[in-house]
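Novice: Give the three-dimensional model of this entry:
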Amino acid sequence: MRISTQTFYENSQTSMGTQQSSLLRVQQQMGSMTKILAPSDDPIGATRALGVTQSIALNTQYAASRGQATQTLSLEEGALQSVTTILQDVKALVVQAGNGTLVDADRASIATALQSSLDQLQGLANTDDGNGQYLFAGFKSGSLPFVRQPDGTMLYAGDQGQRLMQVDVSRQMSVSDSGRSVFQAVQGGAGYVTSSGVANTGTGVFGSSSVVDSTDPNFGQDFKISFPTAGTYQVDTVPPGMVVSAGAYSAGSSILFGGVQIAISGAPAAGDSFNVSSAKNAGTDIFATISDVIAAIRAPLETGSISNGPKLLNALATANRKISNAHDNVLTVRSSIGSKLQELDALTTNGSNRVLLDKSHLSDLQDLDYASAIAEFYQRQTALQATQQVFVKIQGLSLFNYLR
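Specialist: From the prediction side, this is the model:
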């Protein structure tokens, strides 16, 4: 079969073009450090690589969210740690105020110290994150949450919202607590709080209450202990005002009602009363509690002897119980924050491991094997050079070279 010169040239050019294209493709793979230059090179591998790349990007976003959540929760935990310290100091001052050797001037100094603690507590309740976003304002994070009113009361201007962040594929985490749940709430098991009636004129002083029968049908209700006469007592539920106990009063003896017992010492006057309320109904605002005990401590006694101040002793006992409940509530919130920080650490570890596996998978899908690529490069380069040399040799062949 005779091959024309034109066919020879066309076939040679096609062969060299194919080899040049293959050599160029290897060069591009080595330059871009990937074996998939276009989806057409490996449609299945390119699709899988795209999915893994999206997974890595999503995990990177989750990692950023976890970092922000950790920062916010750490700021809140730091603020609540200071709140815990202040409440411990306040409890110590309240106990100190009950010292029978103190005079009015001494108690005034304690009241001043308590006022300073109250101001510090307000400052901590209005803590922000450094960017003008208040930690304890709920969704109203741009507004000051706790505002002191002209009458000295504290108004909570925030809401009950909790800001949520998506910290993992299936995990949304609250990264804030409302000021009301921290500073104006108590735990469900806080128990009873006892307080004396405002109009009391006798010297009755209540002790701590204790639960003796939680199965009593009236357990959990609020009660009012009243003294119709100086020597008798009566206990009613509040509401509906049902008498659950009554009898002769004996100073220092325990009065049992609704599964609860409490001892009252001194001599209550006719018409005196004591309220025994569940913690949530007794007033849960820590700011109001401290303000009330400050007013009670500042009120001068008729003499320097604490024995003439049953109202003060009762006020201190009530405040001590409420502050203890508030302290326990703050500790519970701190415990919740600690659990969230621990969970974030675990999620961060899992996320890092997941990203590492995804990157390893992505490397298997698209990364270039340099040893094989270099070998292929030299192989194709040699083949191209050989083809070019053969083309030149054959091109130079002519019958006229052999004619004399």
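Novice: What ranges does the stretch 51-200 of the chain have for its helices?
Specialist: Along the stretch 51-200 of the chain, the segments classed as helices by DSSP state H, counting those that start in this stretch run 104-125, 179-183.
Novice: Now mean neighbour count too, for the ones you listed, in JSON lines please.
Specialist: In short, each C-beta sits where N, CA and C put it, glycine included. Converted to JSON lines, these look like this (neighbours: other C-beta atoms under 10 Å):
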{"stretch": "helix 104-125", "mean neighbour count": "17"}
{"stretch": "helix 179-183", "mean neighbour count": "22"}
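Novice: Redo those as TSV? Include distance to residue 93.
Specialist: Formatted as TSV, the helices of the stretch 51-200 of the chain follow (distance: least, C-beta to C-beta, whole Å):
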stretch	distance to residue 93
helix 104-125	5
helix 179-183	18
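Novice: Out of those, which gets nearest to residue 330?
Specialist: Evaluated over the helices of the stretch 51-200 of the chain, closeness to residue 330 peaks at helix 179-183, with 6.4 Å, by C-beta to C-beta.
Novice: Other residues contacting that closest one?
Specialist: For helix 179-183, contacts defined as C-beta atoms under 8 Å, 6 or more residues apart in numbering pick out 80, 83, 121, 125, 136-138, 145-146, 156, 158, 160, 285-287, 326, 329-330, 333.
Novice: what residue ranges in the stretch 201-350 of the chain score low on pLDDT?
Specialist: 302-308 (pLDDT under 70).
Novice: Now residue 352: closest residue in space, sequence neighbours ignored.
Specialist: In space, and not counting its chain neighbours, residue 352 is closest to residue 63: 7.8 Å by C-beta to C-beta, 6 or more residues apart in numbering.
Novice: Could you report the pLDDT at the one you found?
Specialist: We have a pLDDT of 92 for residue 63.
Novice: hmm, who's touching stretch 139-150?
Specialist: With C-beta under 8 Å, 6+ apart, stretch 139-150 has contacts from 122, 125-126, 132-138, 154-159, 161, 163, 176, 179, 183, 287.
Novice: go with 10 Å
Specialist: 118-119, 121-129, 131-138, 153-163, 176, 178-180, 182-184, 287, 291 (C-beta atoms under 10 Å, 6 or more residues apart in numbering).
Novice: of those residues, buried ones?
Specialist: 118, 121-122, 124-128, 134-138, 154, 156, 158-159, 163, 176, 178-180, 182-184, 287, 291 (16 or more other C-beta atoms under 10 Å).
Novice: ok, so what distance separates the closest residue to residue 195 other than its chain neighbours from residue 290?
Specialist: Excluding the flanking residues, the one nearest residue 195 by C-beta to C-beta, 6+ apart is residue 318, at 4.5 Å. Remark: distance between residue 318 and residue 290 (C-beta to C-beta, to the nearest Å) = 12 Å.
Novice: Roughly how far does the residue nearest to residue 352 sit from residue 347?
Specialist: Following C-beta to C-beta, the distance that separates residue 63 from residue 347 is 9 Å.
Novice: What segments of the stretch 51-200 of the chain are strands?
Specialist: Applying DSSP state E, counting those that start in this stretch to the stretch 51-200 of the chain gives strands spanning 146-148, 154-156, 164-168, 171-174, 192-196.
Novice: can you redo these as CSV with mean pLDDT?
Specialist: Output for those, formatted as CSV (pLDDT from 0 to 100):
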stretch, mean pLDDT
strand 146-148, 93
strand 154-156, 93
strand 164-168, 90
strand 171-174, 90
strand 192-196, 94
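Novice: most packed of those?
Specialist: For the strands of the stretch 51-200 of the chain, the largest average neighbour count (mean count of other C-beta atoms under 10 Å) is found in strand 192-196, namely a mean of 23.
Novice: Against which helices or strands is it packed?
Specialist: strand 205-211, strand 222-229, strand 260-265, strand 273-278, helix 310-366 (3 or more C-beta pairs under 10 Å, 6 or more residues apart in numbering; DSSP states H and E).
Novice: if you set the cut-off to 6 Å instead, what comes out?
Specialist: Under the contact definition 3 or more C-beta pairs under 6 Å, 6 or more residues apart in numbering; DSSP states H and E, strand 192-196 sits against strand 205-211, strand 273-278, helix 310-366.
Novice: C-alpha coordinates for whichever helix or strand comes after the shortest one, PDB please?
Specialist: Helices and strands here follow DSSP states H and E; after strand 273-278, the next one along the chain is helix 286-298. Below are the C-alpha coordinates for helix 286-298, written out as PDB (Å, rounded to 0.1, in the frame of the first residue of the first chain):
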ATOM      1  CA  ILE A 286     -31.800  40.000  94.800                       C
ATOM      2  CA  PHE A 287     -31.600  43.800  94.400                       C
ATOM      3  CA  ALA A 288     -34.800  44.300  96.300                       C
ATOM      4  CA  THR A 289     -33.600  41.900  99.000                       C
ATOM      5  CA  ILE A 290     -30.300  43.800  99.600                       C
ATOM      6  CA  SER A 291     -32.100  47.200  99.500                       C
ATOM      7  CA  ASP A 292     -34.600  46.000 102.100                       C
ATOM      8  CA  VAL A 293     -31.900  44.700 104.500                       C
ATOM      9  CA  ILE A 294     -29.900  47.900 104.000                       C
ATOM     10  CA  ALA A 295     -33.000  49.900 105.100                       C
ATOM     11  CA  ALA A 296     -33.500  47.500 108.100                       C
ATOM     12  CA  ILE A 297     -29.900  47.800 109.200                       C
ATOM     13  CA  ARG A 298     -29.900  51.600 108.900                       C
END
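Novice: what packs against helix 286-298?
Specialist: Applying 3+ C-beta pairs under 6 Å, 6+ apart, one finds that helix 286-298 contacts helix 104-125, helix 310-366.
Novice: how far out from the middle of the chain is that helix?
Specialist: How far helix 286-298 lies from its chain's middle: 30 Å, per C-alpha atoms, centre = their mean, to the nearest Å.
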